[in-house]
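[1] here is my input, please return the structure:
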Amino acid sequence: MAEITPAQQPYRAMERVDLDVDARELDAVAALGRWRMGVRSRTLTIACVAGAVAGVVGFFVAEKIQFAAIHRAWISINVAGFVAPFALSVVAGLVFARIRVRAKTDKMVRELSARYELEPDRLAAVAEMVGRL
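    Residues are numbered from 1 along each chain as shown. Model (predicted):
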């Protein structure tokens with residue numbers, strides 16, 4: 001029978017590798033960015049789905065109003081009935097996403113500072129700079 005080499009073993013414990021402060025700060029900033037984009041993406045996805053539902057309702061409401069008023073429907077007015085609520089929902093989603101990120105950034109900075117053993121001031125400065133974007 002062949003001998004199993006260390007590289008072929010299913011589990012090998014790795015030596016602990018301590019990162020310097022700059023490497024930990026880079027990892028913390030990357031984690032903060034992933035968190036921010038995740039919050040924004042989820043919020044905008046919900047806003048887009050709600051806007052699409054409202055847009056479909058707006059499309060058919062515009063059609064009903066046209067049939068009642070002029071006994072025919074123009075597709076451009078129907079499309080405007082879809083686009084208006086959808087666009088309003090997306091803009092509201094952008095505003096709400098920005099509010100959510102700003103409200104929860106301090107808590108996330110504290111968590112990441114503890115996890116990556118950093119001073120909260122260093123990560124808070126990066127979060128403040130990114131928040132102005």
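[2] just checking, residue 24 touches residue 118?
    Yes - taking contacts as Cβ atoms under 8 Å, residue 24 lies within contact range of residue 118: 6.0 Å. In short, each C-beta sits where N, CA and C put it, glycine included.
[3] tell me the mean pLDDT over the helix or strand residue 63 falls within?
    Assigned by DSSP states H and E, residue 63 belongs to helix 21-70. Mean per-residue pLDDT for helix 21-70: 93.
[4] which strands or helices does the following helix or strand past that helix pack on?
    Sequence-wise, the next helix or strand downstream of helix 21-70 (DSSP H and E) is helix 75-115. Identification of packing neighbours for helix 75-115 by 3 or more Cβ pairs under 8 Å, 6 or more residues apart in numbering; DSSP states H and E yields helix 21-70, helix 120-131.
[5] gap between helix 75-115 and the chain center?
    9 Å (Cα atoms, centre = their mean, to the nearest Å).
[6] ok and it relative to helix 21-70, angle-wise?
    160 degrees (axes from the mean of the first three to the mean of the last three Cα atoms, to 10 degrees).
[7] okay, angle between helix 75-115 and helix 120-131 too, please.
    Using the same axes, to 10 degrees: helix 75-115 against helix 120-131 is 170 degrees.
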